[in-house]
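Q: give me a model of this one.
(one chain, ligands or ions: 1)
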Amino acid sequence: MDGGFSFIHAADLHLDSPFRGFTRIDYGDENTVENVLRQLRDCTFKALDNIIGACIRHRVDFLVLAGDVYDLADRSLRAQLRLRDSFGRLAEAGISVFVAYGNHDHDDGFRAALAWPDNVHFFAAGEVEARPVVARGREVARVYGISYPRRDVPDNYASLFRREPGVPFAVAVLHCNVGGNAEHANYAPCSLDQLAGAGFDYWALGHVHSRAVLRERGPWVVYPGNPQGRNLRETGARGCYLVRVSPGGTVNLEFLETDCVRWERLRVPIDGLATEQELLDRLDKRLTGLGRLNGGRSLVVRLELTGRGPLHRRLGYGAALEGLLEELRNRFAGPTGPFVWPDCICRNTAALVDKETLRGSETLLGDLLTITRAARENGELRDRLLEVLAPLHDRAARHIDLPQGGEFDALLEAAGDLALDLLWEDETA
Ligand SMILES: [Mn+2]
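A: A predicted model of the protein is given here:
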């Protein structure tokens, strides 16, 4: 890039993650299970390979890793050796590497004594360091960063960053929680306003595993997310950002997918299906479609059956769900190659109930349906319900609003259905 430059921003590699959540492997051919487990064991490393490959292919000037490179502070030797070899490939290509450690790989943990190539800089713990990036004979950028000295960092590390005069483009590398994201530990807390006003051009963040561009330009504030999902909370495409900076300083971001095994959730309704064969056909179609959508990548899929129909009761007999699971695994995974692996099937279905006929009947269920309807249509009863709910709501007011109008109707309907399904199971079991 004449006059401009580029870099790749990644974070939260969690190399050598153990995949503890993945335990449901009890149905499936032994060699197939081994193939699935092997790919899961290797996928954080494969994602690293993909990042390195992208650096070389796009001829970037440097790579930034913003914390949690390793999964544990006691870094596995395997992970350290793989990382060193990967950085060696970048050294041969003349690409610099800047690494800041986060809460998972803080400075207090075990570290093997290895010789790292000269192109790599690990930021010191507890203080901000600055390193120039020189390309084609001049400094194109300066990279600032800080590592965690221990796991818990309650300090506002962002306040330690100071841009020096005369820096052409300033990148700040920090593992932190911006704006008190409740899904992640509140380490190195800071606010978006604070980052926006600190005088840098690009905040290369880590810690939050879902990618998010918190701010575009003036400055860019970016979480790339983790390059490889590790459990069902980390679904969908994962990767890193390729950041191109034009000679005039204009920044352009491109998301690059780097994950090898992808996690997905799939909801399949049983409505309108009468037989197990029809359900299998529907599941086959949906899983085939999902595999195609994800470019033939290996997938771990949590299947959820929803809706109403006669299959609800049939699937409750014996080990019907286990049988389905085994059949699907045999169809979609083998001893080699990419797989689509349903890790379990949740049955959140309900029986088909003819509500109108039931409502007219002199039964407990009939009464329940009559009361549910009255709660929606009778103003007095409705007000009384809202009164009863008010003190409950006071306690949760910070988290939810009191339901209004149509929302309240929908809740009443859902509550009535839930009560009906629970009683219906009891009565017909
Ligand atoms: Mn992390």
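
Q: and the biggest helix by length in the chain, what does it pack onto?
A: Determined from DSSP state H, the single longest helix within the chain is helix 30-57. Helices and strands touching helix 30-57, as assessed by 3 or more CB pairs under 8 Å, 6 or more residues apart in numbering; DSSP states H and E, comprise strand 5-10, strand 62-66, helix 77-92, strand 239-245, strand 261-269, strand 298-306. The C-beta positions use only the backbone N, C-alpha and C, and glycine is treated the same way.

Q: and the fourth one, C-alpha only, in CSV?
A: Coordinates of each C-alpha in strand 239-245 appear next as CSV, following Å, rounded to 0.1, in the frame of the first residue of the first chain:
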residue,chain,number,x,y,z
GLY,A,239,-12.8,-13.8,13.2
CYS,A,240,-10.6,-10.7,13.3
TYR,A,241,-10.5,-7.3,11.6
LEU,A,242,-8.3,-6.3,8.7
VAL,A,243,-7.6,-2.6,9.2
ARG,A,244,-6.5,-0.6,6.2
VAL,A,245,-5.3,3.0,6.7
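
Q: identify each buried residue in the next helix or strand after that strand, please.
A: Moving toward the C-terminus from strand 239-245, the first helix or strand encountered (DSSP states H and E) is strand 251-257. The neighbour-count check on strand 251-257 (16 or more other CB atoms under 10 Å) flags 251, 256, 257 as buried.

Q: about what we covered before: winner for burial among the helices and strands packed on helix 30-57?
A: Highest mean neighbour count of the helices and strands packed on helix 30-57: strand 62-66, a mean of 27 (counted as mean count of other CB atoms under 10 Å).

Q: what angle do it and strand 239-245 make?
A: Interaxial angle of strand 62-66 relative to strand 239-245 (axes from the mean of the first three to the mean of the last three CA atoms, to 10 degrees): 130 degrees.

Q: pull up the pairing partners for strand 62-66, direction included.
A: Each strand paired with strand 62-66, and its direction, by DSSP bridges: strand 5-10 (parallel), strand 96-100 (parallel).

Q: now the angle from that strand to helix 30-57?
A: Angle between the axes of strand 62-66 and helix 30-57 is 130 degrees (criterion: the same axes, to 10 degrees).

Q: can you list contacts of strand 62-66?
A: Outside strand 62-66, the residues within contact range by CB atoms under 8 Å, 6 or more residues apart in numbering are 7-13, 51-52, 55, 90, 95-100, 102, 133, 141, 143, 145, 171, 173-175, 204-207, 224.

Q: please apply the same query to stretch 157-166.
A: Stretch 157-166 is contacted from outside by 127-128, 130, 142, 144, 146, 170, 172, 174, 176, 188, 190, 194-195, 198-200, using CB under 8 Å, 6+ apart.

Q: helices - which of the residues you listed land there?
A: Taking DSSP H as the definition of helices, the contacts of stretch 157-166 contribute 194, 195.

Q: restricted to strands, list the contacts of stretch 157-166.
A: Judged by DSSP state E, strands contain the following of the contacts of stretch 157-166: 130, 142, 144, 170, 172, 174, 190.

Q: wait, the fifth one touches residue 130, no?
A: The reference is to residue 172. No - the pair residue 172 and residue 130 fails to qualify as a contact (CB atoms under 8 Å) at a distance of 9.7 Å.

Q: where do the contact lists of these two overlap?
A: Both residue 172 and residue 130 are contacted by residue 144, under the criterion CB under 8 Å, 6+ apart.

Q: these two: which is more packed in?
A: Applying other CB atoms under 10 Å to residue 172 and residue 130 shows that residue 172 carries more neighbours, namely 29 against 17.
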